[in-house]
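Asks: Here is a sequence together with a model predicted from it:
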Amino acid sequence: MFEYIMVDAGWGGRIGAALVVAAMGSIAAPVATSPLYPPVGAGTAFLDHGALLGDVPEPGWYEANIPFVDLPDQEIEETYYYRWRTFKEALKYTGPRDGWIVTEFLGPVGYSAPFGGINAAAGHHLYEGRWLRDRRYLDDYVDYWLRGSGSGAKPATEGLNKNTTDWAHQYSFWAVDAAVARAEVSGDWRYLLDRLPQLVKQYEGWKASNFDATRGLYWQTPVWDAMEYTAGSYQTDDPYHGGDGFRPTLNAYQYGDARALASLLRRAGDPQAAARYEREAAALKAQTERQLWDGDFYKHVQRDETAPIADRELMGYVPWYFHLPSADNAVAWAQLTDPQGFAASFGPTTAERRSPWFMHEALSGCCRWNGPSWPFATSQTLTGLANQLLDYPGQSYVTTQDYQELLRAYALTQRRNDRPYVAEAHHPDENRWLYDGRGHSEDYNHSTFTDLVLSGLLGIRPQPGDTVRISPLNDYDHFAVENLAYHGHNLSVLWDADGSAYGRGQGFRVWVDGRQVLHRSAPGDVTVRVAFDAGPVQEQIDDAANPAGTGYPAARASYTWSGDSPADAIDGQDFHLDVPSTRWTSYGSPHGADHLEVDLGAATVVSDVRAVFYDDGGGVRTPPSFTLHHQGADGIWREVPGQTRTPAQPAGRTVNRVLIDPPLTTDRLRISAPGVFGVTAVQLWRTPDPRISLTVPPTTAIDPGTPFTVRGTVSASAAVPEVRVSLEAPRGWAVSPVTVPPRALRAGAAYDVAWQVSVPADADPSAGLPVRALARTAAGVTSALTTTTYEFDPADYPVTAWDDDFDDERAYRVDHPVAEPSPSLRIADGALTASASARAFAVFAAPVAASGEGTAVIVTPRAFSGAAPEDSLFLGLSGGSGDAALAWYNNHHRSSGADVQTGGRSRPEATGGCCAEVTWEPGDRFAILVRWGRLTTWVEHDGRWAAVHDAPVSAAVDGATLASWSPAFGVRLDAGPLSIDRVTVLTRS
């Protein structure tokens with residue numbers, strides 16, 4: 001870790017060893033930190049916020065971010081604050097590229113996008129989160145789906161939606177409408193206008209994959225509507241997926257998105273493009289009315305049919321969410337309160353009770369949306385109902401009282417053990433959750449509730465201009481909403497029929513930034529002017545976050561309870577539930593004190609450390625004190641100097657902030673404390689200079705013992721008179737400049753920077769160690785990371801130890817890792833063909849030695865058998881029938897992994913887990929590399945090698961033993977022929 005400092009004579013060379021400690025630990029620079037929470041600003045103080053929040057963890061976050069409400073209905077009020085807690089739990093910091101996302105589950109699931117994003121409920125997340133004061137959360141989240149990892153490619157497979165190829169189109173998603181609804185609250189239209197091309201792309205993506213031009217409608221597979229096992233699905237031969245059909249959902253979503261795009265394009269000054277999307281919306285509305293409306297309800301139409309199914313499903317109310325229906329269609333709302341329709345004590349139901357499929361199999365397995373009460377659909381229905389009541393002409397089917405009662409029923413549904421709780425789905429008639437998997441469904445963030453309170457019950461109706469409409473849907477004699485962040489201002493609304501509730505007199509009143517702007521005798525439908533006046537959003541980077549749990553940053557501890565993990569303390573989430581956990585604890589430790597360490601891999605500037613202690617009130621308690629250490633280049637741990645702590649003494653379930661002045665440049669920090677304690681989050685927040693852009697390649701290929709060069713650019717949007725640019729490398733790696741880093745930056749100019757980095761010969765390139773470029777100014781520290789990795793190249797292994805193109809017979813030792821017969825073998829036409837009529841398996845060891853400096857085995861398959869389930873190729877090292885380290889590729893499952901055994905015993909700790917997805921195509925080659933105690937698998941396609949799988953074989957086999965085994969390949973098949981063109985063994989010596 002080296003720092004280059006400016007001296008009078010110019011830029012010096014590499015700092016000597018005597019100054020390394022100073023470079024790492026005590027280089028002074030101004031502290032550039034942001035407030036812990038966004039300032040609330042001028043507002044009102046009618047309500048006791050602490051009493052309303054109760055014992056929620058980190059109350060300061062809520063005080064700064066959420067609108068406070070006071071309601072005479074205790075159950076709705078309790079659920080309102082509970083649902084803000086679940087939303088906070090779902091906020092996940094993913095790193096500098098994607099920033100914050102909103103998750104559906106508290107932990108990632110196998111079918112989610114990177115970092116656990118799932119777009120099925122992303123529209124709900126945007127509607128719910130639009131009321132937060134801190135705009136970073138949804139700014140980042142929208143970008144995640146439009147520009148970031150959530151917009152990236154996904155496999156078009158049956159399990160991930162075979163009809164679409166990117167994560168933002170995995171499930172139906174009303175992205176543009178929700179983004180515009182969010183902008184109506186924030187008032188920040190410039191943010192969305194900057195993203196118009198991506199919003200258009202999102203909308204057009206559905207046209208490319210799911211639009212039937214002959215019908216003028218969008219079709220969808222019900223499971224990709226997030227609705228498996230529906231009443232319509234059971235009328236197909238695939239109840240899980242459900243037959244493709246034209247559905248009220250995606251057609252309404254696209255209608256809403258087309259209208260939202262049109263409004264943005266008019267705002268951008270492009271009326272011609274806006275008119276095109278308005279025409280598309282009008283045409284889609286007409287076809288939805290003609291084909292999906294059967295006279296009293298919107299219904300599913302099977303793709304190969306023209307008439308709707310007979311069954312009414314709750315999704316038939318989705319068109320009102322987007323104001324698609326004509327006023328004459330209000331008759332559909334009669335079904336919402338009909339006992340044979342959707343009415344239920346814990347409803348509404350997802351299918352009408354008249355349907356023969358109502359609750360069919362709903363009690364025998366998860367995720368039947370043919371009757372159970374589903375918060376996802378309930379929140380869509382209530383949003384549509386509020387729109388019907390507030391934005392359509394009067395009708396006789398539903399009333400304000402219906403909205404209030406349905407919202408109350410929804411609140412009462414969200415209970416378990418008499419406490420607020422939301423899971424996946426509830427029994428419509430019994431007070432119990434049907435789908436509530438432990439470690440999976442807790443606080444399930446798949447719906448809205450706070451938005452229904454604010455925009456429906458209390459009637460805060462955001463507008464596209466500089467106004468807000470307020471039209472409550474309740475008959476309360478008092479209510480309040482306080483310091484709601486709207487257009488950069490604080491909006492407060494008070495209704496007090498007799499003046500006794502709040503001591504502000506009788507009547508209905510509105511305040512903006514603490515100044516009363518309206519007073520009338522009773523609530524009504526009013527409009528108040530609120531101009532946009534919000535400053536820029538200050539970016540902050542948490543350098544400790546590692547939500548993937550692999551590579552760096554890495555967390556270690558002196559002791560960890562078996563149910564916890566140090567990595568959970570830096571996973572980007574912070575909540576205090578027992579299951580699933582996101583914490584580290586020292587519960588059960590035999591030590592008098594323990595520590596939790598964060599290893600960044602390469603140094604950064606640390607000035608703002610935040611730790612949140614876990615306290616369960618029992619065996620894990622907030623420590624009475626803690627120390628913060630950093631490790632110098634000499635390996636000695638020293639207490640971090642210049643600390644200012646808030647609070648002064650450790651506090652549990654809230655942020656313990658440590659500001660460091662002068663900032664510290666270090667790669668390792670450690671929190672130590674006496675007794676048994678726990679941590680839910682350790683964060684190292686850094687404020688970048690918004691003027692500066694610093695780039696390096698995201699990955700850099702390295703080979704131990706061989707120097708490499710890191711090249712990048714630094715630029716600025718405005719002149720920066722003084723900047724210090726440096727490169728920080730892992731411990732033991734040496735850095736020297738190739739170019740002289742700039743001292744100052746001109747506005748608009750870009751400067752090339754380059755450093756040469758020497759890697760020790762014993763380094764492990766598979767560790768994924770980072771190299772970090774830093775640009776420091778008085779306004780902040782901007783950073784860019786390149787992750788080092790090894791890229792296989794046969795040219796790095798110049799010695800050909802064995803090469804068999806199967807022109808003639810060669811001698812191999814035949815090993816059998818399991819007791820299965822060998823296949824039949826034939827050499828002809830330059831290929832080895834193995835065939836079998838039943839399960840057969842053999843490994844062929846070449847009569848050459850492996851090399852301790854690195855051995856590569858490259859195999860070129862000609863054709864696979866097509867059999868199932870075994871149609872597999874093996875390659876690696878074999879020491880006999882009971883000793884082997886073999887990578888495998890299963891052509892039937894299109895997957896790859898590794899098997900390691902010693903003495904006939906399987907060693908799963910050395911296999912690297914299972915499994916990697918990979919699909920072989922004719923002409924592709926497979927390779928394994930045994931080096932650094934690891935067996936890595938590679939596939940070559942179109943001349944490029946890509947890593948497939950990594951197995952830490954040294955966990956079970958020492959290096960000397962590995963070197964004594966023979967390079968080998970093998971086949972395992974159930975039937976038919978499997979042919980191989982060539983086998984080559986390469987070594988470094």
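Replies: Ah, there it is.
Asks: So, low pLDDT: which residues of this protein?
Replies: Residues of the chain that meet the criterion pLDDT under 70 lie in 1-32.
Asks: Could you verify that Arg711 is part of a strand?
Replies: Yes. Assessed with DSSP: H, G, I helix; E, B strand; the rest coil, Arg711 lies in a strand.
Asks: ok, it - contacts?
Replies: Counting by CB atoms under 8 Å, 6 or more residues apart in numbering, Arg711 touches 696-697, 738, 752-754. In this view, the C-beta of every residue, glycine as well, is placed from N, C-alpha and C.
Asks: 6 Å instead?
Replies: By CB atoms under 6 Å, 6 or more residues apart in numbering, the contact list for Arg711 reads Ala754.
Asks: Okay, it and Val771: tell me how far apart.
Replies: From Arg711 across to Val771, the span is 12 Å (CB to CB, to the nearest Å).
Asks: buried set for the longest strand along the chain?
Replies: In the chain, taking DSSP state E as the definition, the longest strand is strand 593-614. Within strand 593-614, the residues scored as buried using 16 or more other CB atoms under 10 Å are 593-614.
Asks: Now the element after that strand, going C-ward?
Replies: The C-terminal neighbour of strand 593-614 among helices and strands, as given by DSSP states H and E, is strand 627-631.
Asks: how far off strand 593-614 does that following strand point, in degrees?
Replies: Computed by axes from the mean of the first three to the mean of the last three CA atoms, to 10 degrees, the angle separating strand 627-631 from strand 593-614 equals 120 degrees.
Asks: contacts for strand 627-631?
Replies: The contact list for strand 627-631 (CB under 6 Å, 6+ apart) reads 637, 639-640, 658, 666, 668-670, 672.
Asks: And the closest residue in space to Ala64 that isn't next to it in sequence, how close does it get to Arg190?
Replies: Of all residues not flanking Ala64 in the chain, Tyr37 sits nearest, at 3.4 Å (CB to CB, 6 or more residues apart in numbering). Counting by CB to CB, the separation of Tyr37 from Arg190 is 24 Å.
Asks: okay, the two: which has more neighbours?
Replies: Neighbour tally, Tyr37 and Arg190, criterion other CB atoms under 10 Å: the higher count belongs to Tyr37, 16 against 11.
Asks: And that one, its phi and psi?
Replies: Here is the backbone geometry of Tyr37 (degrees, to the nearest 10): phi -130, psi 160.
Asks: Leu261 - that's part of a helix, no?
Replies: Yes. Applying three-state DSSP, one finds Leu261 inside a helix.
Asks: Quick one: residues contacting it.
Replies: By CB under 6 Å, 6+ apart, Leu261 lies in contact with 176, 203, 277.
Asks: Just the buried positions in whichever strand or helix holds the last one, please.
Replies: The reference is to Tyr277. Tyr277 is part of helix 271-291, with elements assigned from DSSP H and E. Across helix 271-291, burial judged by 16+ other CB under 10 Å covers 273-274, 277-278, 280-281, 284-285, 287-289, 291.
Asks: Any idea how many residues pack against Thr787?
Replies: 17.
Asks: related to what we said a few turns ago, now the contacts of strand 627-631 as JSON lines including neighbour count?
Replies: Listed next are the contacts of strand 627-631 as JSON lines, based on neighbours: other CB atoms under 10 Å:
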{"residue": "Trp637", "neighbour count": "15"}
{"residue": "Glu639", "neighbour count": "11"}
{"residue": "Val640", "neighbour count": "18"}
{"residue": "Val658", "neighbour count": "20"}
{"residue": "Thr666", "neighbour count": "25"}
{"residue": "Arg668", "neighbour count": "21"}
{"residue": "Leu669", "neighbour count": "24"}
{"residue": "Arg670", "neighbour count": "21"}
{"residue": "Ser672", "neighbour count": "19"}
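Asks: Which single one of the residues you listed is nearest to Asp98?
Replies: Nearest to Asp98 among these is Leu669, at 23.8 Å by CB to CB.
Asks: Now tell me what touches the helix or strand harbouring that closest one from outside.
Replies: Using DSSP H and E, Leu669 maps to strand 655-674. Residues outside strand 655-674 that contact it (CB under 6 Å, 6+ apart): 24, 27-29, 31, 593, 595-600, 602-603, 605-612, 623, 626-631, 640, 642-646, 650.
Asks: Give me the sheet partners of that strand and which way each runs.
Replies: strand 593-614 (antiparallel), strand 627-631 (antiparallel), strand 643-646 (antiparallel) (DSSP bridges).
Asks: What residues sit buried inside it?
Replies: Neighbour-count burial for strand 655-674, counted by 16+ other CB under 10 Å, picks out 655-660, 663-673.
Asks: Dump it to PDB, restricted to CA.
Replies: What follows is strand 655-674, C-alpha atoms only, in PDB (Å, rounded to 0.1, in the frame of the first residue of the first chain):
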ATOM      1  CA  VAL A 655     -26.000   3.400  14.500                       C
ATOM      2  CA  ASN A 656     -22.800   3.900  16.500                       C
ATOM      3  CA  ARG A 657     -20.900   6.400  14.400                       C
ATOM      4  CA  VAL A 658     -17.100   7.000  14.600                       C
ATOM      5  CA  LEU A 659     -15.800  10.000  12.700                       C
ATOM      6  CA  ILE A 660     -12.000   9.800  12.100                       C
ATOM      7  CA  ASP A 661     -10.000  13.100  11.800                       C
ATOM      8  CA  PRO A 662      -7.600  13.100  10.100                       C
ATOM      9  CA  PRO A 663      -8.900  10.300   7.900                       C
ATOM     10  CA  LEU A 664      -7.100   7.000   7.900                       C
ATOM     11  CA  THR A 665      -5.800   5.100   4.900                       C
ATOM     12  CA  THR A 666      -6.000   1.400   5.800                       C
ATOM     13  CA  ASP A 667      -7.100  -1.900   4.500                       C
ATOM     14  CA  ARG A 668      -8.000  -3.600   7.800                       C
ATOM     15  CA  LEU A 669     -10.200  -2.600  10.700                       C
ATOM     16  CA  ARG A 670     -11.300  -4.500  13.800                       C
ATOM     17  CA  ILE A 671     -14.000  -3.900  16.300                       C
ATOM     18  CA  SER A 672     -13.200  -5.500  19.700                       C
ATOM     19  CA  ALA A 673     -15.400  -5.700  22.800                       C
ATOM     20  CA  PRO A 674     -15.700  -7.600  26.100                       C
END
